[in-house]
Every structure is written in structure tokens, then in C-alpha cells.
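Engineer: sequence unknown, structure follows:
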């Protein structure tokens, strides 16, 4: 392996306190959001600076809203973000009323914090299933600070109200927050194994909803987004949690999955972080295997060189 690639890989796994891999859910909004597990508690309240009831007062139908892209650090608009979450620059949608000059930001965040969206809670008994707290949710706040990007469209007050009602539907559905893209290592025509459901794809979905409500999106609008990518050959489905864990499961496979996620647990000592980093390197370089959780199923992912890197995607709005 070339030395620069090895150094990049070592640097990556030594940053376990910042990133951990888990597969993204599909974007189906029909599934109702289940009651969260008791372990799913964020260190700070979600969207504490958002508008009351999660939706602004209904505007006048004659009002006109300008719609534009924003790139904003979560910490600039929210006092309730975690350390990792505060420094992530996310694309969002901004709206400004012509009648009142009131601005709003529409953003997609992990409901239980960034760390909980990436790492499962491990059971006290080794044979039990991990608990995932990956759900995402929409936050509407009375602010539009950030780096303003191109103007997208103008909408009426009625369309703005329709979009706000749609966000309520999203927040009642079972959608996971995710940031990693998993694909083959090909510059052109790469196969994406799992969909991404991050802030950028939410902006894309919101613009699609605006178009369905009658808004005319400026032609040629694209959203540039940089994402961490996992490069892999075709994943192998291992089974559901009930098929792997528990008294009727597969104890050997269950132990391998728990050991894998144990390497990414927070609050490790410096010594344990080093040992965990070596374990991850062993999984990548020797075993050539990673484990992923996706839509209630666990998958075995055979990584391919260069394993992990940042890529740039362009999303059409």
C-alpha cells in the first residue's frame, strides 16, 4: 500500500471520537416513527431554539417568500448542539417574508445528536441486540444566518404553509439521519449500495416538494456537497437483529458485530482508543470486512482500496 494512502487511513481511524460508520436508511416516509428506546437520549434538547409547535404561524396567502440556499454551522443557529455537531457545515433552506421581513431556516438534524446517529448503544448482555438511535428530524427556526447561496425561487404564503405541513409529516415518519455514502471505487458510473439521508438530500427533497406545490425552481440549480465515502464491493446481507442476536440467534456472528461496534464507543481512554484503532485497521487491511446496520438488517461490507475518502457530489434541485 502506498505510504500516503496508509497515512490517511491511520489518521482516519485514530479519529474514532469523530466518525463511525453506519448505513443510511431509505427515504420512505410512509413508516410511522416508533417510540424511541430509553437509551435514545441526547445530551441537549433537539431544536430548542425552533419555532413553537415546530411550525410557524400561517402566513397571509398574499405574502411572498424568497427561497435560497444557506450553508450554516449548526452552532451558529442553535445553542443545543454537541461539540461535533456544532462544527459541521450543513446546507439548509432559507426563507424570507416580503410582508414581515421575517426569516426562517429549514434544516435536517439528528434527533438524538450526531454521536447517537452513528454509534449504537451496546447491550449489557453480550448476546442481546444493540440499540440504534439514528432518527433524523426537521428543525424550523426564526433565523437565516449563514453563507447565503444562490436564490432558488419565490413562493406564495399558501405554498410556504403547505411546505411547513409537509415537514410535520416528515417528523412523524421513521427516517434515519445519515451522512456516509457507500459505493464502489469508480470515478464514473459508481454503484451506490445504500442511499444517503443527510442535510443535502433533505434540501433536495424539500425543493422537490416545492415543485409539487407549484413553485418554479430556477433551472440549472445544483447543490455541491462533500461527503465521507466508504468504498466497497457488493454487500452481503447477514440477517435481522432477531436472526443474529438472542437465544435463537447466531452467537459467533453476534460477537463479531458487537466487537466491531465496541471499537467505536465514546469515552474510551487513550489506551483503549489506540487498541480500537488497531482493531479497525485489522478489519480493513487483514479481514477486509466491516459490519453495517441498514433498515433493520445487518450487512457484511467487503471494503476495497482506498477504503475511505471524501468525495464531491452534485445534487440537482
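Structural biologist: Noted; the coordinates are in hand. For clarity, every value in this text was computed on a predicted model and none was experimentally measured. Numbers count the residues shown, from 1 in each chain.
Engineer: check contacts around residue 291.
Structural biologist: Residue 291 makes contact with 238, 256-257, 260-261, 298-301 under the criterion Cβ atoms under 8 Å, 6 or more residues apart in numbering. For the C-beta atoms, the positions are set from N, CA and C on the backbone; glycine is no exception.
Engineer: Inside helices: which ones of these?
Structural biologist: Those of the contacts of residue 291 mapping onto helices are 256-257, 260-261, per DSSP state H.
Engineer: would you list those residues in JSON lines and tack on neighbour count?
Structural biologist: Below are the ones in helices among the contacts of residue 291 laid out as JSON lines (neighbours: other Cβ atoms under 10 Å):
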{"residue": "256", "neighbour count": "17"}
{"residue": "257", "neighbour count": "22"}
{"residue": "260", "neighbour count": "18"}
{"residue": "261", "neighbour count": "18"}
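Engineer: what sits against residue 251?
Structural biologist: Taking Cβ under 8 Å, 6+ apart as the criterion, residue 251 is in contact with residue 127.
Engineer: Give me the phi and psi for it.
Structural biologist: According to degrees, to the nearest 10, the main-chain angles of residue 251 amount to phi -60, psi -40.
Engineer: show me where the chain has strands.
Structural biologist: Per DSSP state E, the chain carries strands over the ranges 64-73, 89-97, 103-110, 136-141, 147-156, 181-183, 192-194, 222-232, 236-240, 290-294, 297-301, 303-316.
Engineer: still on that earlier bit, reformat the ones in helices among the contacts of residue 291 as JSON lines; add distance to residue 313.
Structural biologist: Formatted as JSON lines, the ones in helices among the contacts of residue 291 follow (distance: Cβ to Cβ, whole Å):
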{"residue": "256", "distance to residue 313": "32"}
{"residue": "257", "distance to residue 313": "29"}
{"residue": "260", "distance to residue 313": "27"}
{"residue": "261", "distance to residue 313": "27"}
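Engineer: Out of the residues you listed, flag the one nearest to residue 122.
Structural biologist: residue 261 (6.3 Å; Cβ to Cβ).
Engineer: Against residue 32, how distant is residue 173?
Structural biologist: 7 Å (Cβ to Cβ, to the nearest Å).
Engineer: Neighbour count for those two, which is higher?
Structural biologist: Neighbour count, other Cβ atoms under 10 Å: between residue 173 and residue 32, residue 173 has more, with 17 against 8.
Engineer: Show the pLDDT at the more buried one.
Structural biologist: Note for residue 173: predicted pLDDT of 82.
Engineer: in terms of contact, does it touch residue 33 like I think?
Structural biologist: Yes: Residue 173 is within contact range of residue 33, at 5.8 Å (criterion: Cβ atoms under 8 Å).
Engineer: quick one: terminal-to-terminal distance for stretch 290-308?
Structural biologist: 12 Å (Cα to Cα, to the nearest Å).
Engineer: Oops, could you answer that again for stretch 204-222 instead?
Structural biologist: 9 Å.
Engineer: Report the buried residues of that stretch.
Structural biologist: 204-207, 209-210, 213, 215, 221 (16 or more other Cβ atoms under 10 Å).
Engineer: Report the two of those residues separated the most.
Structural biologist: 213 and 221 (16.6 Å).
Engineer: coming back round to it: and of the buried residues of stretch 204-222, the nearest to residue 177?
Structural biologist: Using Cβ to Cβ, those come closest to residue 177 at residue 205, 13.3 Å.
Engineer: okay if I get the strands of the chain as JSON lines plus mean pLDDT and distance to residue 38?
Structural biologist: Listed next are the strands of the chain as JSON lines, based on pLDDT from 0 to 100; distance: least, Cβ to Cβ, whole Å:
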{"stretch": "strand 64-73", "mean pLDDT": "84", "distance to residue 38": "31"}
{"stretch": "strand 89-97", "mean pLDDT": "86", "distance to residue 38": "28"}
{"stretch": "strand 103-110", "mean pLDDT": "88", "distance to residue 38": "18"}
{"stretch": "strand 136-141", "mean pLDDT": "88", "distance to residue 38": "18"}
{"stretch": "strand 147-156", "mean pLDDT": "80", "distance to residue 38": "39"}
{"stretch": "strand 181-183", "mean pLDDT": "84", "distance to residue 38": "30"}
{"stretch": "strand 192-194", "mean pLDDT": "85", "distance to residue 38": "28"}
{"stretch": "strand 222-232", "mean pLDDT": "85", "distance to residue 38": "30"}
{"stretch": "strand 236-240", "mean pLDDT": "92", "distance to residue 38": "21"}
{"stretch": "strand 290-294", "mean pLDDT": "82", "distance to residue 38": "19"}
{"stretch": "strand 297-301", "mean pLDDT": "89", "distance to residue 38": "22"}
{"stretch": "strand 303-316", "mean pLDDT": "82", "distance to residue 38": "33"}
